[in-house]
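S.K.: Fold the following.
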Amino acid sequence: MRELADEIQASLSFGVGLKNRAEDAPTDDPLFADPAWDAVPHKHERERLRSKAREQLGTVGSGNHYVDVFADEENRIWVGVHFGSRGFGFGVAHGFLALSQNKQWGERAPERETLLDVHAPIGDAYWQLMNLAGRYAYAGREWVARKVVSILGGREEELVHNHHNFAWIEEHGGESLYVIRKGATPAFPGQKGFVGGSMGDNAVILQGATPADTATQELQARALYSTVHGAGRVMSRTAAAGKRTRKGKVLNNTSISREMMNEWIKGKGVLLRGGGTDESPHVYRRLPDVLKAQGATVEVLHTLRPLIVVMAGADEFDPYKD
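M.R.: Sure thing, here's the model as predicted:
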């Protein structure tokens, strides 16, 4: 088991701004030829962003991004991954922040709420690139999950995907709506999803329920058929791990020690590679309590017990963290 954990850590790229160094990195994915790239306004910026995206596809990132190996209630093995559109998504978001403030793509712009008209050229361009970033996240997660399956010597039997912090066009109450799920994920009846807990807690595979009673049906409709994407934090990163400089120096006291985190992990029988106290189980809610609050709107199909957790190192400065 330790050898497997070490091989996962060595074979994948965890951290900020890193390239996928694997020989089979998916640099030729068809998404790089998608017409949506033309929505980036200047050729130089477009090719720079595409080059970064190509190099980073299949990298995991830092913060709360991870690769986990689980066992379910029948001791079947699952690989769980959590990360998104990486530097590509960050570049798109900041590019449009700049444009919305009458700046050039690539200029620094303060982070603030911005509303874009999807029927205007700028809003349509953002919508195209946001959806491309969603495809990019899917492609990266699939490559990483399958890479780990190959390391484990396994055979893929099922693949469960779900986005959060994303937007969809959906029909609700007879209207066509843009649905933005921040910190949430779709859970239409029968739709499956993966919901993580923490590095020392169980995760689940669930699906949107198909209830017979009208009360639960109404709850689902009011929630726009959504559910949680994770357990959720109860403590900020700074409170848990202290404020750090770019060189990793801690500037103030912390609430969670490495010893506390390691004791929890050891008690759960988890092999941890990387990770910092800002991601300790102490800073997260317990997932069963969170799922209980969803009532009968979702059904848990499998409970996943973590065996191996691999994350970026604890002392890495991450400019993309919340």
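S.K.: ok, the closest residue to Lys103 other than its chain neighbours - contacts?
M.R.: Setting aside the residues directly before and after it, Lys103 is nearest to Ala109 in space (Cβ to Cβ, 6 or more residues apart in numbering), at 5.3 Å. C-beta coordinates here come from the backbone N, C-alpha and C atoms, glycine included. Contact analysis of Ala109 by Cβ atoms under 8 Å, 6 or more residues apart in numbering lists 94, 97-98, 100-101, 103.
S.K.: pLDDT weak spots in the stretch 51-200 of the chain?
M.R.: Within the stretch 51-200 of the chain, no stretch has pLDDT under 70.
S.K.: ok, of the contacts of Ala109, which one's closest to Val81?
M.R.: Taking Cβ to Cβ as the measure, Val81 sits nearest to His94 out of the contacts of Ala109, at 24.5 Å.
S.K.: Most neighbours among the contacts of Ala109, which one?
M.R.: Each of the contacts of Ala109 was scored by neighbours using other Cβ atoms under 10 Å; the highest score is Leu97's, at 19 neighbours.
S.K.: tell me the contacts of that residue?
M.R.: Contacts here follow Cβ under 8 Å, 6+ apart; on that basis Leu97 touches 109-112, 114.
S.K.: and the residues you listed, which are buried?
M.R.: Ala109 (16 or more other Cβ atoms under 10 Å).
S.K.: Can you pick out the most distant pair from the contacts of Leu97?
M.R.: Pro110 and Thr114 (10.4 Å).
S.K.: what do those two both touch?
M.R.: When contacts are counted by Cβ under 8 Å, 6+ apart, Pro110 and Thr114 are jointly contacted by 97, 101.
S.K.: Buried ones in stretch 116-123, by neighbour count?
M.R.: When burial is assessed from 16+ other Cβ under 10 Å, stretch 116-123 yields the following buried residues: 116, 122.
S.K.: Endpoint to endpoint, that stretch covers what distance?
M.R.: This stretch, stretch 116-123, spans 5 Å end to end (Cα to Cα, to the nearest Å).
S.K.: ok, and what's touching that stretch?
M.R.: Outside stretch 116-123, the residues that touch it by Cβ under 8 Å, 6+ apart are 96, 99-100, 124, 126-127, 178.
S.K.: Among the contacts of Ala109, name the ones in helices.
M.R.: 94, 97-98, 100 (DSSP state H).
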